[in-house]
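Student: pasting the sequence and the predicted coordinates here, then a few questions.
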Amino acid sequence: MASLTAGTRISRSTPGRRHPVGERRTGWEDTALRMLEFVAYPALAGCALLLLCLGVVTWLPALAAAAYALQQWRDDGRGRPFLGTLEAFGRYWRRLWRHALLSTVAGAVLAANVVFLATRTGAAALALLALQIGLVLAAVPYHLALAVTAARNPGGDVRRWSRGALLFAFASPRRGLGLLGVAVAAPVLTAPLAFGPLLLGGTLPLLVGLRLADRPRPCTPPDRKRKP
């Protein structure tokens, strides 16, 4: 009888009890794994983005595909950012290749103008140089917003995405400046990591853009009923 009682006590005090399936564990292990996800998953999406950008004119569809894979991870917890980016690339390439081609040509022209005007003197050259730099700085938040808009509405068309990107990037000065600031700061902040600017320089601004897109827009108060 005593041995049975002792055995019962031992079985109750054993710490090897399994958690039921679907139960979420809490503690420093879960926190550490979650922190590793916030580094590993954007890096994997950035690896696929870097691979797809080797086609030069493929950078814009690749940016939208990476944003879509990151959005799927944020919404459903899908831990496939690398394969998700590669799978979504074909859909965005069919819709964005013309826009990507025009943006690539325009970027090359702007870069050539900046290099040319930087070696010239005079008020007119300085004014044109400031204009070219301003266009370059405006193109960065616009294309980030275009990728975010396309990721959040994968069934839309290019016109709807472009219209939404213009509103997203420039309707709020804080939002546009925030996207530009993150795009400039991400390569600098990730420089201490090995290949950090290459893997995280494009995906961190996308994550910030997706986070900003989650914020609800301010609603106007309902009209009060007028008294007869």
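Tutor: Ah, there it is.
Student: if I look at the residue most central in space within the chain, how far off is V140?
Tutor: The geometric centre of the chain, computed from its C-alpha atoms, lies nearest to L206 (C-alpha atoms, centre = their mean), at 1.5 Å. As defined by C-beta to C-beta, to the nearest Å, L206 lies at a distance of 12 Å from V140. Backbone N, C-alpha and C define where each C-beta goes, glycine included.
Student: ok, which stretches of the chain are helices?
Tutor: Assigned by DSSP state H, the helices in the chain fall at 2-13, 28-52, 59-76, 81-118, 123-152, 158-170, 173-189, 196-200, 203-214.
Student: returning to that earlier point: where's the residue nearest to the centre of the chain relative to T119, distance?
Tutor: According to C-beta to C-beta, L206 and T119 sit 35 Å apart.
Student: out of the helices of the chain, deepest packed?
Tutor: Of all these, helix 59-76 has the most neighbours on average by mean count of other C-beta atoms under 10 Å, namely a mean of 24.
Student: quick one: mean pLDDT for that helix?
Tutor: Mean pLDDT, helix 59-76: 94.
Student: and the angle for it with helix 28-52?
Tutor: Computed by axes from the mean of the first three to the mean of the last three C-alpha atoms, to 10 degrees, the angle separating helix 59-76 from helix 28-52 equals 160 degrees.
Student: so who does the closest residue to A186 other than its chain neighbours touch?
Tutor: Distances taken as C-beta to C-beta, 6 or more residues apart in numbering place L204 nearest to A186, at 4.3 Å, with adjacent residues excluded. By C-beta atoms under 8 Å, 6 or more residues apart in numbering, L204 lies in contact with P42, V182, A186, T190.
Student: quick one: the second one and R211 touch, right?
Tutor: Spelled out, it's V182. No: assessed by C-beta atoms under 8 Å, V182 is found out of contact with R211, at 10.1 Å.
Student: C53: how many residues sit nearby?
Tutor: 18 (other C-beta atoms under 10 Å).
Student: next one: the one 5 residues further on
Tutor: T58: 22 surrounding residues under other C-beta under 10 Å.
Student: what's near enough to touch the residue nearest to it when sequence neighbours are not counted?
Tutor: Excluding its sequence neighbours, the residue lying closest to T58 (C-beta to C-beta, 6+ apart) is L52, at 5.4 Å. Shown in contact with L52 (C-beta under 8 Å, 6+ apart): T58, W59, P61, A62, A65, T85, L86, F89.
Student: quick one: residues contacting the fourth one.
Tutor: For A62, the residues meeting the contact criterion (C-beta under 8 Å, 6+ apart) are A48, L49, L52, C53, T85, F89, Y92.
Student: distance check, the residue lying closest to the first one once chain neighbours are set aside against P205.
Tutor: For A48, the nearest residue in space outside its immediate sequence neighbours is T85; the separation is 3.7 Å by C-beta to C-beta, 6+ apart. As defined by C-beta to C-beta, T85 lies at a distance of 15 Å from P205.
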